[in-house]
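# Make a model of this:
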Amino acid sequence: MSLELLYKGLFIAVFSTVFTFNLTAEGSILSWWDKLIQRLPAWLEKPLGGCSYCMAGQIALWYYFFLEDYSFVNHIFFITATIFITHLTMFIYDRTE
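Now for the predicted structure:
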């Protein structure tokens with residue numbers, strides 16, 4: 001897996017964390033989205049913004065299909081690495097609050 005893919009995984013992880021914790025928080029610009037998805041079943045709500053791990057994994061899953069050279073092993077690794085980077089991002093995020 002290339003360094004460029006890890007960079008994209010970092011971008012997805014940061015986006016998912018900021019989206020789920022900042023942009024959809026009460027009083028934020030997308031708070032309506034959080035209220036909307038909370039009405040859905042958990043299996044739909046979590047990847048749509050209710051859980052940053054689930055959202056990052058889902059974005060990584062679908063993003064990888066748009067790459068030119070498909071490799072199943074790299075696809076699984078990209079999803080796993082993105083979720084791990086999300087965990088690191090959330091650890092750093094939690095330390096700064």
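# Can you classify E26 as helix, strand or coil?
What DSSP: H, G, I helix; E, B strand; the rest coil gives for E26 is coil.
# Check which helix or strand the residue nearest the centre of the chain maps to.
For the chain, A56 is the residue whose C-alpha lies nearest the centre (C-alpha atoms, centre = their mean; 1.8 Å). Applying DSSP states H and E as the criterion places A56 in helix 52-64.
# residues in contact with that helix?
With contact meaning C-beta atoms under 8 Å, 6 or more residues apart in numbering, helix 52-64 is reached by 8-9, 12-13, 15-17, 19-21, 46-49, 70, 74-75, 78-79, 82-83, 85-87, 90. All C-beta atoms are positioned from the backbone trio N, CA, C, and that covers glycine.
# Show me which of the residues you listed are buried.
Those of the contacts of helix 52-64 that meet the buried threshold are 8-9, 12-13, 15-17, 19-20, 46-49, 74-75, 78-79, 82-83, 85-86, 90, by 16 or more other C-beta atoms under 10 Å.
# can you point me to the longest helix in this protein?
The helix that spans the most residues within the chain, counting by DSSP state H, is helix 72-96.
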